[in-house]
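# pasting a predicted model and its sequence here:
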Protein chains: 2
Amino acid sequence: MNEFDIIARFFAPLAGDGAFGLKDDAALLPQRPGHDLIVTTDAISEGIDFFAFDPPGTIARKALRVNLSDLAAKGAEPAGYLLNLSLPHDVPVEWLGEFSSALAGEQKEFGLPLLGGDTGATEGPTCVAVTAFGFLPAGKMVKRSGARAGDGVYVTGTMGDSGGGLSILKSETHTLPDAERDYLVGRYRVPCPPVDFAPRLRDIAHASIDISDGLIADLGHVASASSVRITVEGEKVPLSPALRMLWGEGALLRAVVAGDDYQIAFTAPAGLTGPFTQIGQVVAGKGVTLSVDGKEIAIPRPGYRHF
Amino acid sequence: MNEFDIIARFFAPLAGDGAFGLKDDAALLPQRPGHDLIVTTDAISEGIDFFAFDPPGTIARKALRVNLSDLAAKGAEPAGYLLNLSLPHDVPVEWLGEFSSALAGEQKEFGLPLLGGDTGATEGPTCVAVTAFGFLPAGKMVKRSGARAGDGVYVTGTMGDSGGGLSILKSETHTLPDAERDYLVGRYRVPCPPVDFAPRLRDIAHASIDISDGLIADLGHVASASSVRITVEGEKVPLSPALRMLWGEGALLRAVVAGDDYQIAFTAPAGLTGPFTQIGQVVAGKGVTLSVDGKEIAIPRPGYRHF
């Protein structure tokens, strides 16, 4: 199979309006009057973001979702994506079939079409890069830089589950029942960014970020961009029962520096309720502090570094 | 240096409006009323599209230009780009410096800012993927599918120079003077897509494609998308003096299947003049035929295949 056959068989069926069946040099993304276009790109690589033995379907879903996470954190709704694939020369047909079927499912779930891409062979690790497009009402993008003293600090979902799943796949000793093991591994393989939360987020949030480097590191980005200090009350950080079983007493300190959560951390007026948890406050100053039961504790080492 | 330091030092200075200094999760691409947004993405990989020993600056320029070529072929003017980098863990500071300086020069030459991206480390070959954005007046995109019987077939520039340069870098024996050698190698390393030609192209062309797989293969894409036959008169195909020196009698047949030209092939009413050359006609039927002095000749093997 050459690259044209691969595109025609596996990816052209995923193409939406403006993609011209993936048979043109470029795609046309229809504009939406009164809206801003948000663009983001993230790649996932074998050996870093997924394992060679991971199911092709989970690799596809992760590649797309790490980008949907960025859109959601800005308050944007998905509108389409581009796909750059670097694959082994001898990529099996079955791999491509499972990979593209999973994308079809994701497109249906999240309401976005494939608009184009690029497929090439590599001697190195498999790499999947996605560029995602989203729209939001003009002027409503939630930036990292809008946090103000007095805001509450909130997160969606639970922290550290993906990190727990990764530690299991890296052979950390554990005695978890299958359900808890599978839950954590599932979160590493297929993150669940709160895509549906975007419209409410853009109405309430002053600042927002997707949690990919680790909670503390990402709150640090918000603090820096907003010139404020963020204080986190460790006992309020939501942890899943499965992660508590896996990591026990150490769960909090490992969870706040684990990467790959793909949940949203945001600041907004204090005291709000909804599908999120308040974990701290924005105050004057700079940096991030972590306390447990009123006692400040040292921030653990930061998250994953590429270089 | 970690990835944040790399971004802050080398890439943040390249960021334009809507990129928020590369310090946010996503970029905002301002919409342009009355225009369509064109998006395209192409990656270049070490060992396939460039050599590890190529200057970092030419790698940067090629990565960007192979995408500007797609925009130009659709009649769009560049508006911004995203950059996905997969780099060795020990990438030298000097490499990054030369790479980003070259991008700065390109941005100035072609009038487009960096909007965002993703930087990761890889154990495999260096890979640079660019996603480029362009605008054109609404409804004016030139597709592959608009060729009609009676059109002339035109190309910009000269064919096969990049292929000639590649053959030299792959140690093909030659006796070229330095000027000719450098010209051809330069075309392989840094293509020169006719970006300024886009506004005229969209006014005259019925169908258009950027020549990346090789002239015959790419005209085949146009013929297929438009359900027409394209006849090429070999003696009219423009070849550079340097390529004729390098390949002599065989130049035409090698040039029409050499990839990486990043010029534009288009169809438009016959008999037009401008910065392009008419090389053939569109007729009823399908496929591409090549003749020399009125005699049809067999089409050589097609261009590069990844899989």
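It's in. Remember, predicted model here, so these are calculated numbers, not experimental data. Residues are numbered from 1 along each chain as shown, chains lettered A, B, ... in the order given.

# tell me which residues in the one helix or strand in chain A whose mean pLDDT sits lowest are buried?
Taking mean pLDDT, DSSP states H and E as the measure, the helix or strand of chain A with the lowest value is helix A:3-6, at a mean of 89. Of all the residues in helix A:3-6, those buried under the rule 16 or more other CB atoms under 10 Å in any protein chain shown are A:3-4, A:6. For the C-beta atoms, the positions are set from N, CA and C on the backbone; glycine is no exception.

# ok, stretch A:171-188 next?
If you call a residue buried by 16+ other CB under 10 Å, then stretch A:171-188 has these buried ones: A:176, A:180-181, A:183-188.

# what is the distance between that stretch and the centre of its chain?
Averaged C-alpha coordinates place stretch A:171-188 at 20 Å from its chain's average position (CA atoms, centre = their mean, to the nearest Å).

# same question, stretch A:101-110
Centroid separation between stretch A:101-110 and its chain, computed with CA atoms, centre = their mean, is 16 Å.

# for stretch A:200-212, same thing?
Using CA atoms, centre = their mean, the offset of stretch A:200-212 from its chain centre is 13 Å.

# are that stretch and chain B in contact anywhere?
Yes. Judged by CB under 8 Å from any CB of the partner chain, stretch A:200-212 and chain B are in contact via A:209-210.

# what's the answer for stretch A:78-85, then?
Yes. Stretch A:78-85 lies within reach of chain B by CB under 8 Å from any CB, at A:82, A:84.

# give me the average confidence score over that stretch.
Averaging pLDDT along stretch A:78-85 yields 96.

# same thing with stretch A:104-124?
The pLDDT scores in stretch A:104-124 average 95.

# alpha carbons of it, as PDB, please.
The C-alpha coordinates for stretch A:104-124 follow below in PDB (Å, rounded to 0.1, in the frame of the first residue of the first chain):
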ATOM      1  CA  ALA A 104     -14.400   7.900  13.400                       C
ATOM      2  CA  GLY A 105     -15.900   7.200  16.900                       C
ATOM      3  CA  GLU A 106     -14.200  10.200  18.300                       C
ATOM      4  CA  GLN A 107     -15.400  12.500  15.500                       C
ATOM      5  CA  LYS A 108     -19.000  11.400  16.200                       C
ATOM      6  CA  GLU A 109     -18.600  11.800  20.000                       C
ATOM      7  CA  PHE A 110     -17.100  15.300  19.800                       C
ATOM      8  CA  GLY A 111     -18.700  16.500  16.600                       C
ATOM      9  CA  LEU A 112     -15.600  17.400  14.500                       C
ATOM     10  CA  PRO A 113     -14.400  16.200  11.100                       C
ATOM     11  CA  LEU A 114     -11.000  15.500   9.700                       C
ATOM     12  CA  LEU A 115      -9.900  18.300   7.400                       C
ATOM     13  CA  GLY A 116      -6.600  17.200   6.100                       C
ATOM     14  CA  GLY A 117      -3.100  16.000   7.100                       C
ATOM     15  CA  ASP A 118       0.100  14.400   6.000                       C
ATOM     16  CA  THR A 119       1.200  10.800   6.200                       C
ATOM     17  CA  GLY A 120       4.900   9.800   6.000                       C
ATOM     18  CA  ALA A 121       7.100   6.800   6.900                       C
ATOM     19  CA  THR A 122       9.700   7.000   9.600                       C
ATOM     20  CA  GLU A 123      12.600   4.800  10.800                       C
ATOM     21  CA  GLY A 124      12.000   6.200  14.200                       C
END
